[in-house]
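Asker: any chance you could fold what I've pasted below:
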Amino acid sequence: GETVLVLRHAARAIELAGASSDRLEAGLLQYLAEAKSNDPAVGDGANLYRERVKTRLPAPERAGAGHAAARLVASQTKVELAGYEMQDTEGGVEVTDRRTGRCYQVSISVIRPARGRIEVTLGGSGPPAGPPARRPAALSLEHLPERHQHVVRRELVRTITQTWFSKRDLDSLASGARDLRGLAQLALADAVGELTGNTSKDSIERVSDLIDLVDLLGLVVSFEAQTRFYRARASLSGSDAARLAPLAERLGFVTP
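Answerer: Okay, the predicted model is just below:
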């Protein structure tokens, strides 16, 4: 709501204060503690600040993480952010605030364990010659700035569809005759159904990638895909069924 938005602006102003930021934040929290909410679950303004505002990553860290992720999966695409200038460094990204000139050395690691997934680990941020200010944290795609999210998600989706969709499906997408969301669900259901007679590494990888695609598109796994998986796993012997364990939980099944 509006209150959270105002507090985010205050947090950003404190962040720009540099060495005085801790003192300013302490003063703000003392003031907010006196603002009691009508909702007992919220408590007071200080609690709201800690739970709804400070859980967000500092903007320079988000910018650095987004830059590193986009560079990994879409190196030919340049993504600019109006407020920051970014430069790759050994083990991270140097982020410079265009307004204040302040530099942050963001320690970041990005890997791509699958066609449709990236793993971003943030080591922290600090002055170029100083230690990181935060402990390592694993980030999701949603933590990145929206521009970087769009570039990364688009490339992950493109890679999966180019790998596993038929030429006919790709042509129908290009012409607008078919919808990507619908095709993704059909492709996943078909791939899961084929596990009945084939639990090879490639078959499992195909299903895993298509689950990633469904997730990237903001969808939930269809009941049809779940039903086909249940039947496929039930038809297999113990060792073959065990090979499907990594997929079971991702498809919504409880694993022993």
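
Asker: helices along the stretch 101-250 of the chain, start to end?
Answerer: Assigned by DSSP state H, counting those that start in this stretch, the helices in the stretch 101-250 of the chain fall at 146-164, 167-175, 180-193, 201-216, 223-234, 238-242, 245-250.

Asker: buried stuff in the shortest one?
Answerer: Buried residues in helix 238-242, counted by 16 or more other Cβ atoms under 10 Å: residue 241. To be clear about C-beta, it is placed using only N, CA and C from the backbone, and glycine gets the same treatment.

Asker: same check on the second one?
Answerer: When burial is assessed from 16+ other Cβ under 10 Å, helix 167-175 yields the following buried residues: 169, 172.

Asker: just the CA atoms of it, as CSV, please.
Answerer: What follows is helix 167-175 as a C-alpha-only set of coordinates in CSV (Å, rounded to 0.1, in the frame of the first residue of the first chain):
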residue,chain,number,x,y,z
LYS,A,167,9.2,-27.6,-36.0
ARG,A,168,5.4,-27.6,-36.5
ASP,A,169,4.9,-26.2,-33.0
LEU,A,170,7.5,-23.5,-33.5
ASP,A,171,6.0,-22.5,-36.8
SER,A,172,2.5,-22.3,-35.3
LEU,A,173,3.9,-20.1,-32.5
ALA,A,174,5.7,-17.8,-35.0
SER,A,175,2.5,-17.4,-37.0
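
Asker: just the residues contacting that helix, thanks.
Answerer: Here helix 167-175 makes contact (Cβ atoms under 8 Å, 6 or more residues apart in numbering) with 161-162, 165, 178, 180, 183, 187.

Asker: could you find the lowest-pLDDT member of the residues you listed?
Answerer: Ranked by pLDDT, those bottom out at residue 178, which scores 94.

Asker: that one - nearest residue in space that isn't next to it in sequence?
Answerer: In this structure, residue 178 finds its nearest non-sequential neighbour in residue 172, 3.9 Å apart by Cβ to Cβ, 6 or more residues apart in numbering.

Asker: residue 77 versus the one you found, what's the distance?
Answerer: Look at residue 172 and residue 77: by Cβ to Cβ, to the nearest Å, they are 26 Å apart.

Asker: low-scoring stretches of the stretch 101-250 of the chain, by residue?
Answerer: Under the criterion pLDDT under 70, the flagged ranges of the stretch 101-250 of the chain are 124-136.

Asker: name the element residue 9 belongs to?
Answerer: helix 2-16 (DSSP states H and E).

Asker: quick one: that helix to chain centroid distance?
Answerer: Mean-position distance between helix 2-16 and its chain equals 23 Å (Cα atoms, centre = their mean, to the nearest Å).

Asker: tell me the average confidence for that helix?
Answerer: Averaging pLDDT along helix 2-16 gives 78.

Asker: report the buried residues of it.
Answerer: 7, 10-11, 14-15.

Asker: correct me if wrong: residue 10 contacts residue 28.
Answerer: Yes - counting by Cβ atoms under 8 Å, residue 10 touches residue 28, with 6.4 Å between them.
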